[in-house]
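Visitor: the following comprises the amino acid sequence and a computationally predicted model.
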Amino acid sequence: RDTNFTEMMDYFCAFSTVLFSLLAFCLRVVGTDNARTVVVSSLCAVFFSHHIYHMAFVHFDYGYNMKVNVVVGAVNGLCWLAWAYIHYGDGPHVKKGVGAVLVLTGSVLLELLDFPPLMWTIDSHALWHLATAPLPLLWYQFAAGDCLKIAREGEFGIKKIA
């Protein structure tokens, strides 16, 4: 069973994953070595800190936490899908990113619907974990392909590779 500490860490680590994926999107758009990088990173750090402080010291509220995660996750997904629409011709890695976003979006329904266990063994949360298990590999393939594209084209002032 969860303790207060492990439950908080579960929620806070999940939120960090959701928020910092949005930060990765923002940094992909604005670059990583300019003043906008500092502003965007600072805004994310302040938002993260405020959320954690509110949950840990003001009121630990599952509903509030879920709403914040869903909103940030939806914005993140929409941003990545819009980026993919614009960059669809950049290579096959973009399709893997779209696939990861779509599978994650669909799997969120398992978390939100929260139905009781099927045959007393598998509940919606277990199915959510099953559905999200392959996503890191899919997302890594997207990210690695995008990094190679950036390096090949010299985007963001990075020295081109052959």
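Guide: Great, that's in hand.
Visitor: looking at the protein, which helix or strand is least sure?
Guide: Taking mean pLDDT, DSSP states H and E as the measure, the chain has helix 124-132 as its least confident helix or strand, at a mean of 90.
Visitor: what packs against that helix?
Guide: helix 93-113 (3 or more Cβ pairs under 8 Å, 6 or more residues apart in numbering; DSSP states H and E). C-betas here are computed from N, CA, C, even on glycine.
Visitor: now the helix it packs on against helix 124-132, angle please.
Guide: Going by axes from the mean of the first three to the mean of the last three Cα atoms, to 10 degrees, helix 93-113 is angled at 180 degrees with respect to helix 124-132.
Visitor: could I get the phi/psi values of C26?
Guide: Here is the backbone geometry of C26 (degrees, to the nearest 10): phi -60, psi -40.
Visitor: one step back: the least confident helix or strand of the chain: how far from the chain's middle?
Guide: Computed by Cα atoms, centre = their mean, to the nearest Å, the chain-centroid distance of helix 124-132 equals 16 Å.
Visitor: and if you look at stretch 90-110?
Guide: Stretch 90-110 has its C-alpha centroid displaced from the chain centroid by 11 Å (Cα atoms, centre = their mean).
Visitor: which residues touch that stretch?
Guide: 70, 73, 77, 80-81, 84, 87-88, 124-125, 127-128, 131-132, 134-135, 138-139, 141-146, 148-149 (Cβ atoms under 8 Å, 6 or more residues apart in numbering).
Visitor: go again using 6 Å as the cut-off
Guide: With contact meaning Cβ atoms under 6 Å, 6 or more residues apart in numbering, stretch 90-110 is reached by 77, 80-81, 84, 87-88, 124, 127-128, 131-132, 135, 138-139, 141-142, 145-146, 149.
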